[in-house]
Structures are given as C-alpha cells and as structure tokens.
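Colleague: Curious how this folds, go ahead:
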Amino acid sequence: MFTSDKNLNRVFLYTGLTAFFALFGAVYETFSHEVYSFFMIYAFAVPLLLGVFPSLLIIRSGWKVKSFVGQIYGSGIIALTLSCILKGALDIYGTANSKLPILPLLGIIMILLSVLLSLPIFKQKKVLQKSELM
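Modeller: Coordinates of the predicted model:
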C-alpha cells in the first residue's frame, strides 16, 4: 500500500498532539488538589478522534488531500483542542468568559470548510489544450 509522506506526517503530528495533551491531562490530574475539569482532562480526545483516526482513514483509502485543505482542517482541530483547555482553566478558576464560544465555533467552521473543499464538486478539472481537442 502506497502512502503519501504528507498523510503519514499528519498521522505522526496528530499522534504527538494526542500524546502531549494526554500527558498534560495526567499531570494536571496528579497535581490538581482534587479540583477537576473534564474539559482539561479529556482534551486529548479531540486530536485523537478528529486527527489520528481520519488521517488513518485517508491513508487506508488512498484519498488525495490538498495541502491547504489539510492545514485548514488542522487549524480547526487545534482551535477545538485549545478551546477545551481554556474552558477547563476557566472552570477550575470558577469564572466564565462570554467570548469563549467563539473559538470552538471557529474550529467547527474550519473543519466543515475543509470537508466541503474536499468534496468532488470542488476538485479542479483538467482543462483541455487546443492540441488535445484536435
């Protein structure tokens, strides 16, 4: 099975992010003095479920993903993950922020935009040259 280096690098990137945020959650839980936030502890699930698994599916199926589409998708994953961390920190401190819902909304918009740009109707069609028509 042939895999693209970009797709394989994407799997390693999302796996690294998942491991980092899982370790972050474990260290947080160890030193939290029994003040917990599930957003903080389970922030690793976002890059795992939206990054690693879809990237493995892309490699397995052989789909081609344009670089800018992958970057938009990755930015959406980072926005959702960081919004979990921020929400967890605000929960721990017992405060709220009215602007916090903007970050996950932007993350969802970026992910949906990248999925829409990956649909076949947006694929660039080959333009025939004059010599190919004759």
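
Colleague: Can you give the contact residues for the helix or strand hosting residue 114?
Modeller: Assigning secondary structure by DSSP states H and E places residue 114 in helix 102-118. Under the criterion CB atoms under 8 Å, 6 or more residues apart in numbering, residues 50, 63, 65-66, 69-70, 72-73, 75-80, 82-83, 86, 122 lie in contact with helix 102-118. The way it works is simple: take the backbone N, C-alpha and C, and place the C-beta from them, glycine included.

Colleague: tell me the contacts of the residue nearest the centre of the chain?
Modeller: With distances taken as CA atoms, centre = their mean, residue 77 lies nearest the centre of the chain, 2.5 Å away. Contact partners of residue 77, counting by CB under 8 Å, 6+ apart, are 14, 17, 46-47, 50-51, 107, 111.

Colleague: can you list those residues in CSV and add secondary structure and neighbour count?
Modeller: Below are those laid out as CSV (DSSP: H, G, I helix; E, B strand; the rest coil; neighbours: other CB atoms under 10 Å):
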residue, secondary structure, neighbour count
14, helix, 23
17, helix, 21
46, helix, 25
47, helix, 26
50, helix, 19
51, helix, 25
107, helix, 22
111, helix, 20
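
Colleague: Which of those sits closest to residue 35?
Modeller: residue 46 (21.8 Å; CB to CB).

Colleague: which residue packs closest to the closest one, ignoring adjacent ones?
Modeller: residue 81 (4.5 Å; CB to CB, 6 or more residues apart in numbering).

Colleague: Keeping just the C-alphas, turn the helix or strand containing residue 57 into PDB.
Modeller: Element membership of residue 57, judged by DSSP H and E, is helix 53-61. C-alpha atoms of helix 53-61 as PDB (Å, rounded to 0.1, in the frame of the first residue of the first chain):
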ATOM      1  CA  PHE A  53      -8.500   8.400  13.100                       C
ATOM      2  CA  PRO A  54      -9.500  10.400  10.000                       C
ATOM      3  CA  SER A  55      -5.800  10.600   8.900                       C
ATOM      4  CA  LEU A  56      -5.500   6.800   9.100                       C
ATOM      5  CA  LEU A  57      -8.700   6.500   7.100                       C
ATOM      6  CA  ILE A  58      -7.300   8.800   4.400                       C
ATOM      7  CA  ILE A  59      -4.200   6.700   4.200                       C
ATOM      8  CA  ARG A  60      -6.100   3.500   4.100                       C
ATOM      9  CA  SER A  61      -8.500   4.700   1.400                       C
END
